[in-house]
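Engineer: Return atomic coordinates for the entry below.
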Amino acid sequence: MWGRRPVAVLGAVVTLLAGCAGPGRHDGGEPSPLRPAWVPLSLPAPPGPPGRLLLRDVASCAGRWYVVGGVAGADGGTRPAAWVGDGAVWSSLPTVPVTLSGEQHVFSSVACRGDRVAALGAKSGGVHGNPRTGTWWQGPDRALREVSAPFEQFGGPRAVAVARLAAGPAGWLVVGSRVDGAAAWVSPDSAAFTLVEGAAELSGDGRGRTAAYDAVGVPAGWLAVGTLLAAGGMPLAWTSADGRSWRRAELPGGPGTAQRVVVAADGPVVVGPAGGVFAAWRSGPDGWRRVGGFGVAGPGVPSVVGLAAAGGALMAATATGSGHGLWLSADSGHSWQAMAMPVVVAQRGDTAVAVASDGDRLLMVADDAQTSRAWSAGLASVDR
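Structural biologist: The predicted model follows:
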C-alpha cells in the first residue's frame, strides 16, 4: 500500500548537505549533532499595527509553504497572521475574522490540501480563562476567513482541549478532547465542521478516558493518535474512513503517549514519550510495532511538538525541561541522531517550535519568547 519512491534525507546520515557537518563525537563518546546549513527566511510584516510575530506552525502543499501564527501588539493584544511562499518569496495572506475573539486569534495549527489551506486558531483568556477556539477556511479570494460557529462547537462545559487540524483525501479533520474523552470535528471542505463526541472506541469507556493529539489523512480516511489516560497512559491509534466511526489500537511497548503522526514512504509513523525516551512506532501488514527510541523524555513535561516526513526520513521536534531539540531518522524511525537548531528555545508556555518538509527542503519556525523566526535547510535526494 505504501509504495517506494526516491527518499529525501537530511544531513550526513546518507548523503551530505552542502555546508552540513558530518557526525563527529562528543567528549563522552556520543555522536555530535548534525549541523544543517540553516538559511534564515524573511517574512513580511502583516497588515496592521506593528508588533512581535508569533510563528506557531508550518505546512507544505503543491509547491507552496504556509506559515501561521499571529502578531502580539504593544498593548498585549493579538491578531491572526499567515503567510504563503515558495521558500524564497513570501507574502501575507489576508485574514477575515467575523467575531471579536477571532480578531484576537493566534493560529496554532495549519493544514493544506492541493492549493487550499485552513487553520485552527484560539484566543486565550475567555470566560474562566478558557480559550475561544475556531477554524478558518480559504475562500476563492485566497483570504483566510473565520468560520462562524456556535461557542459550544469547540468550547462550553464539555470542552477540554482542541489539538490539531489535518487535511486528507476524506476532507478536513480536527482532533482533541471533550469530557468523555477523545473527539473529532469533521468537514468535507473546511467551511463548517461537525463535532463527533462520545463515539465508540474513540471516546473514553470502561477502560478509561482517552485524549487525541494529532491526525493525518491516509488513503483509507484518517489516522489519529493519542493516549488512554488510565494506568500511567497507554499510546493509542485510531483509524476511520469518515471521521465519525473509529477503530482503536493500542501501540505496543508499555505506557506512553502517542503525540505526533506522519505518513512516511513505508507507511505511518507515530512518535511520543514512552519509558523515559521518545519512542517511534510504525504500522505494517502485521499491525503496529515499536521500532526505535531517542533522547531522554525529561525533565519537565516531555512532548513531541513537531514531526515531518521526507520519503523515509523523519524530523522530530521535541521539548523537555532542558529545552527544545531536533532529531533526524533516515530509516523511518529505527535510529535517530540529534540535529543542531539555529536558535536555543527553552520549554515555556510562550515558546514554540514547528517543522515541515516538502520532500526537498525542511522548514522550521521557532519562537524563543523574544523573537519568532523561520529557517529552511536543503534536502539531498537519494534512491533508497
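
Engineer: these two touch, right, L379 and G359?
Structural biologist: Yes: assessed by Cβ atoms under 8 Å, L379 is found in contact with G359 at 7.1 Å. Quick note: C-beta positions are derived from backbone N, CA and C, even for glycine.

Engineer: neighbour count winner among these two?
Structural biologist: L379 (23 against 17; other Cβ atoms under 10 Å).

Engineer: Quick check: the gap between that one and G51.
Structural biologist: 33 Å (Cβ to Cβ, to the nearest Å).

Engineer: Same question for G323.
Structural biologist: 25 Å.

Engineer: what number of residues lie near D286?
Structural biologist: D286, neighbours per other Cβ under 10 Å, totals 6.

Engineer: How much space separates it from G267?
Structural biologist: 12 Å.

Engineer: now do D358
Structural biologist: 20 Å.

Engineer: can you check M339 too?
Structural biologist: 23 Å.

Engineer: Looking at the two, which is more packed in?
Structural biologist: Per other Cβ under 10 Å, whichever of M339 and G267 has more neighbours is M339, with 25 against 15.

Engineer: partners of the more buried one in the sheet?
Structural biologist: L34, L326 (DSSP bridges).

Engineer: Which strands or helices does whichever helix or strand A215 is part of pack on?
Structural biologist: Per DSSP states H and E, A215 falls inside strand 210-218. With contacts taken as 3 or more Cβ pairs under 8 Å, 6 or more residues apart in numbering; DSSP states H and E, strand 210-218 sits against strand 159-168, strand 171-178, strand 181-187, strand 221-228, strand 234-240, strand 260-264.

Engineer: Let me know which of those is the nearest to R79.
Structural biologist: strand 159-168 (19.2 Å; Cβ to Cβ).

Engineer: For the closest one, give me every contacting residue.
Structural biologist: 109-113, 116, 118-120, 122, 130-131, 133, 135, 152, 154, 172-179, 190, 211-218, 221-222 (Cβ atoms under 8 Å, 6 or more residues apart in numbering).

Engineer: Hmm, A119 is touching V110, no?
Structural biologist: Yes: A119 lies in contact with V110 (Cβ under 8 Å); the separation is 4.8 Å.

Engineer: How much space separates the residue sitting nearest the centre point of the chain from V345?
Structural biologist: Central residue of the chain (Cα atoms, centre = their mean): G306, 4.6 Å from the mean position. G306 is 12 Å from V345, where distance means Cβ to Cβ.

Engineer: Now the common contact residues for those two.
Structural biologist: Common contact partners of G306 and V345 (Cβ under 8 Å, 6+ apart): V353.

Engineer: where does the stretch 1-150 of the chain have low pLDDT?
Structural biologist: 1-30, 125-129 (pLDDT under 70).

Engineer: What ranges does it have for its strands?
Structural biologist: 7-9, 39-41, 52-61, 64-72, 78-85, 90-92, 95-96, 106-113, 116-123, 132-138, 144-146 (DSSP state E, counting those that start in this stretch).

Engineer: Distance to A354 and mean neighbour count added to these, as TSV?
Structural biologist: TSV is the format used below for those (distance: least, Cβ to Cβ, whole Å; neighbours: other Cβ atoms under 10 Å):
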stretch	distance to A354	mean neighbour count
strand 7-9	19	24
strand 39-41	13	15
strand 52-61	5	22
strand 64-72	9	24
strand 78-85	13	23
strand 90-92	16	15
strand 95-96	19	19
strand 106-113	9	23
strand 116-123	13	25
strand 132-138	17	24
strand 144-146	18	22
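
Engineer: Out of these, flag the one nearest S203.
Structural biologist: strand 132-138 (19.1 Å).

Engineer: Tell me the strands beside the closest one, with direction?
Structural biologist: Counting by DSSP bridges, strand 132-138 is paired with strand 116-123 (antiparallel), strand 144-146 (antiparallel).

Engineer: List the contacts of the residue lying closest to G121 once chain neighbours are set aside.
Structural biologist: Once flanking residues are discounted, G121 sits nearest to H105: 3.4 Å by Cβ to Cβ, 6 or more residues apart in numbering. Contact analysis of H105 by Cβ under 8 Å, 6+ apart lists G70, T78, R79, P80, P97, G121, A122, K123, R132, G134, W136, E146.

Engineer: which one of those sits closest to A352?
Structural biologist: G70 (11.0 Å).

Engineer: Could you measure from that closest one over to F107?
Structural biologist: 6 Å.

Engineer: list residues touching both of these two?
Structural biologist: R56, P80, A81, G121.

Engineer: residue contacts, the first one?
Structural biologist: Contact criterion Cβ under 8 Å, 6+ apart gives V68, G69, G70, V106, F107, S108, S109, A352, A354, V365, D367 as the residues in contact with R56.

Engineer: Name the nearest residue to the third one, ignoring sequence neighbours.
Structural biologist: Spatially, and ignoring its direct neighbours in sequence, G70 is nearest to V106 (3.4 Å; Cβ to Cβ, 6+ apart).
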